[in-house]
Structures are given as structure tokens and as C-alpha cells.
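Participant: Make a model of this:
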Amino acid sequence: MQIGDKDVGYELRCGQPLAFDRDYTRDLGVGAVRTLLAGGTSVLITRQGGRIVPIPFDALMDPTTGRTKVRMVDTSTDAFACARALQVRVERADLEDAARLTALAKAAMLSPEEARARYAVGL
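Facilitator: Okay, the predicted model is just below:
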């Protein structure tokens, strides 16, 4: 078995990891190593309520569809509130302000109209 690491989350998010990210991924890594050393396989390592919880892949799959069941994020936690507060997000005001929209469009290599169409979804 070969194990490697690739930090794609931050490439996709285009930001440096926060202290939360470092703590969370460290905990997941420790959980993965402990699970492997204990002979565990075929699990998703999760952190729930401050504890590492391996979930068997079979428990994650919907037997009818063969797809992963949707697991919702608990948006009532302090950790979620802190993470959301620290995120940089496109807000409606960014799309309504011509200067901010122009800067956003330039950064995304889109026209202002394309940027508005892309980032207005869900606002």
C-alpha cells in the first residue's frame, strides 16, 4: 500500500489554511494512523463532537442508489460559525457595486456580466 498526501483543498479554495484547518486535518491524520495501526480499513475518518469517529464506507452508501448518503453540516456549532465568519465570500453587495464587480470579474477572468451570472446563484 502506498500513502501520499496532496493538499488540493487549499488549491481549490485559493487560501492559506487557518488554525482550524490545521487542527482538523491533524486530528483526521492521527485518526487515520490509529485506525490503520489497529487494522482498520475501508472507513472515512471523521471528527464528531471533538472525537475521531471512523465510519465504515458501507454505512455511508445508500444501498438502493449505490451512492454516498448526504451528510449535512451541523450549522449550529461554534466551529461552523467561526469558520463561516473567517471565510471570504461573494455577497450580493459585491455584485451590485460596479467597482467590486469589475475587480471580481477581472480576478475570475470573466466579463462583469458572466461574473454576476456565476456568483449570483444562491444569493
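Participant: Now do the contacts for Arg67.
Facilitator: Arg67 makes contact with Met61, according to CB atoms under 8 Å, 6 or more residues apart in numbering. No exception for glycine: its C-beta is placed from N, CA and C like everyone else's.
Participant: how near is it to Ile45?
Facilitator: Here the distance between Arg67 and Ile45 works out to 20 Å (CB to CB, to the nearest Å).
Participant: Now do stretch 51-61: everything it contacts.
Facilitator: By CB under 8 Å, 6+ apart, the list of residues contacting stretch 51-61 reads 27-28, 30-31, 34-35, 40, 42-47, 67-69, 71.
Participant: which helix is the longest one in the protein?
Facilitator: Counting by DSSP state H, the longest helix found in the chain is helix 19-37.
Participant: Tell me the buried residues in that one?
Facilitator: The neighbour-count check on helix 19-37 (16 or more other CB atoms under 10 Å) flags 21, 27, 31-32 as buried.
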